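Asks: What shape does this take:
(2 chains)
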Amino acid sequence: MAINFTGTTRNHSEMEEVVQEIYSNSGTFRDAIVNISEGHKSGTDVYESKVTVSMTALNTGEVTATGNIDLKVNRTPVSLYTYNYEDRINDNVLKGTKFQKSMKAGAFEVVSDEFDRKVLIQVAPAIGADLESKVWNGATAATKTAIAALTPGAGQGTITATAQAAVAAMPTTLFDSLAVRILYNDSQSKTVPGAGLGEYIKVIGTTITSSNIATEYGKLYAGAPEKVINPTNGIMPYIYAPLAHRQLIKVANNAVGASQQINFLVEGVGVNEKIYYNGIEIKFVPLAGNFMILTSPDFLHLLMDLTGDLSALMIDQVANGAMQRYIKNVGSIATWVTNQRYITLYGG
Amino acid sequence: MAKGSTAKTATKTEVVKKMVEKEVQVTQEMLDMNPDLVEKGIQIGDKVTIEVEVEETIEVKTNPFDEGVTYDQVIEELGNKSVSTYYKDMLTNEQIEWLTNDLEVYKNNQKAK
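Replies: Numbering: from 1, shown residues only, chains lettered A, B, ... in the order given. I've put the predicted structure just below:
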């Protein structure tokens, strides 16, 4: 007997999974690839010291003030920026979707457990990814103006025009990224203290491709101070490089024929993979422009109230009978740099 | 400077002293002061080559890669010359290429202000 159906058809199955966005894994915070200092609410004083000594011929008499032992201590106040991510969620719009099935019975009940488990759960990693991106790439409007006003040049002690353009093109953020802090800061520990160009070592940069990546890493390595490359405190420096360099390095290392340049040591595979250049581990971070940094992780600082704030979400019902929920994340952060004369910035 | 050009040329110069060889005609005074010439049989009117100190004005170029040298100084010194022409004996090809590009970015940054 033939089926005589009238009406419209609809889908009767659905994928269990809700396909998620890809978020970076917040390696800067998780692996503490820079110095993360917690416990700061609104601001903190950063102290730097340096002792310089001079040898003289033996004095058998009374010791007088010679100026041969210079004990220098500098204090720089650093303000933290307190930010938030916040919004309201109107769960009512989920009616008529797969998430309706997990809503409890009762007209007031519109919160979907499945939605919370599969979609809302992405808020924390999204915040982590966004914050990590801002730690490496971004400048406040005020810093952008200040950097644009610097007088550029090619030699040490000046910023390149390309770096100025790169900062101008960065997202305008609520706190300065590490790359920008290196370029411009008001540290009292610089030779010329106060607001102005950072005291970094400049290595002029170009657009990096798989063809020139080994040469350019060579310039960064050669430009770094000997004390950084030969650490006596047991803390090896890192090269902080843009995420895209991982691909360029692999392409260069694995090219066939004359263009092959096996200059990078690749150890391990997958998430455990580590890549080294001349024994210096490369940390791939969301740096923009041509910037690369070679320094000790001890000299790049993230000052925070609590690292755990990253994933601390406050979610609750909005008051006064509103059938909505609010979601809020709060954190405090500042980037800072110390021992600037030992920070080598490629593309600065 | 070409007619209508507004570019300035600010080449720095420096006067230096150096020794150069010069052919001169021997005079009585020279023979009196240099008995060696007489011993060698040189007479008045002969031509000899001697070293004399001269002052020379040379062009001093600022190395743009020196610490603290700004692009404003470089541009002023370049005048209407190109980077490759002005610095061809001073900088490497790679430095010339890089500086040309960065000065171009600088000029664009200035326009954008």
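Asks: In contact with the closest residue to chain B within the stretch 101-250 of chain A, which residues?
Replies: Closest to chain B within the stretch 101-250 of chain A is A:Ala161: 3.6 Å, counting by C-beta to the nearest C-beta. Placement of C-beta: from N, CA and C, glycine included. Residues near A:Ala161 by C-beta atoms under 8 Å, 6 or more residues apart in numbering or on different chains: A:Pro152, B:Tyr71, B:Asp102, B:Leu103, B:Val105, B:Tyr106, B:Asn109.
Asks: which one of those is nearest A:Thr140?
Replies: Closest approach to A:Thr140 among the contacts of A:Ala161 (C-beta to C-beta): B:Asn109, at 18.8 Å.
Asks: for that closest one, helix, strand, or coil?
Replies: Under the three-state scheme (DSSP: H, G, I helix; E, B strand; the rest coil), B:Asn109 adopts helix.
Asks: Do you know the pLDDT at it?
Replies: pLDDT, B:Asn109: 93.
Asks: what's the burial count for it?
Replies: 17 (other C-beta atoms under 10 Å in any protein chain shown).
Asks: For the residue in chain B positioned nearest to chain A, give its distance to A:Leu94.
Replies: As assessed by C-beta to the nearest C-beta, chain A sits closest to B:Tyr106 within chain B, at 3.6 Å. Distance from B:Tyr106 to A:Leu94, counting by C-beta to C-beta, to the nearest Å: 54 Å.
Asks: repeat for A:Asn4
Replies: Taken as C-beta to C-beta, the span from A:Asn4 to A:Leu94 is 36 Å.
Asks: helices or strands up against the helix or strand where the residue of chain B closest to chain A lies?
Replies: In the assignment (DSSP states H and E), B:Tyr106 maps to helix B:93-112. Applying 3 or more C-beta pairs under 8 Å, 6 or more residues apart in numbering or on different chains; DSSP states H and E, one finds that helix B:93-112 contacts helix A:161-169, helix B:71-78, helix B:83-86.
Asks: right, so of these, which gets closest to A:Ala57?
Replies: helix B:71-78 (44.4 Å).
Asks: could I have that closest one exported to CSV, CA atoms only?
Replies: Provided in CSV are the C-alpha atoms of helix B:71-78 (Å, rounded to 0.1, in the frame of the first residue of the first chain):
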residue,chain,number,x,y,z
TYR,B,71,66.3,59.5,10.4
ASP,B,72,65.8,63.3,10.5
GLN,B,73,69.6,63.6,10.5
VAL,B,74,70.0,61.0,7.8
ILE,B,75,67.3,62.6,5.5
GLU,B,76,68.9,66.0,5.9
GLU,B,77,72.3,64.7,5.0
LEU,B,78,71.0,62.7,2.1
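Asks: ok, and what's touching it?
Replies: A:151-154, A:161, B:8, B:10-12, B:61-62, B:64, B:86, B:99, B:102-103, B:106.
Asks: before we move on, what about stretch A:276-287?
Replies: With C-beta under 8 Å, 6+ apart as the test, stretch A:276-287 has contacts from A:24, A:27-28, A:33, A:132-133, A:135-137, A:179, A:217, A:221, A:229, A:236-243, A:245-246, A:249, A:263-265, A:267, A:274-275, A:293-294.
Asks: change it to 7 Å
Replies: The contact list for stretch A:276-287 (C-beta atoms under 7 Å, 6 or more residues apart in numbering or on different chains) reads A:24, A:28, A:33, A:132-133, A:136-137, A:179, A:217, A:221, A:237-243, A:245-246, A:263-265, A:274-275, A:294.
Asks: got it, and stretch B:102-113?
Replies: The contact list for stretch B:102-113, computed with C-beta under 7 Å, 6+ apart, reads A:Ala148, A:Pro152, A:Ala154, A:Thr160, A:Ala161, A:Thr162, A:Gln164, A:Ala165, B:Tyr71, B:Val83.
Asks: Arrange those in CSV, one row each, with pLDDT and distance to A:Arg117 as further columns.
Replies: Formatted as CSV, the contacts of stretch B:102-113 follow (pLDDT from 0 to 100; distance: C-beta to C-beta, whole Å):
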residue, pLDDT, distance to A:Arg117
A:Ala148, 97, 47
A:Pro152, 97, 52
A:Ala154, 96, 56
A:Thr160, 97, 49
A:Ala161, 97, 50
A:Thr162, 97, 47
A:Gln164, 97, 47
A:Ala165, 97, 45
B:Tyr71, 96, 57
B:Val83, 96, 61
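Asks: which one among the residues you listed gets closest to B:Gly45?
Replies: Here the nearest of the contacts of stretch B:102-113 to B:Gly45, counting by C-beta to C-beta, is B:Val83; it sits at 53.4 Å.
Asks: So the closest one sits against B:Glu97, correct?
Replies: No: contact criterion C-beta atoms under 7 Å: B:Val83 and B:Glu97 do not qualify, at 8.8 Å.
Asks: Neighbour count for the two, which is higher?
Replies: Higher neighbour count among B:Val83 and B:Glu97: B:Val83, with 22 against 14, using other C-beta under 10 Å.
Asks: Tell me who's in contact with that one.
Replies: Residues in contact with B:Val83 (C-beta under 7 Å, 6+ apart) are B:Ile96, B:Leu99, B:Thr100, B:Leu103.
Asks: Filter those down to just the buried residues.
Replies: Among these, those classed as buried by 16 or more other C-beta atoms under 10 Å in any protein chain shown are B:Ile96, B:Leu99, B:Leu103.
Asks: pLDDT score for the second one?
Replies: Read it as B:Leu99. Taking B:Leu99 on its own, its pLDDT is 97.
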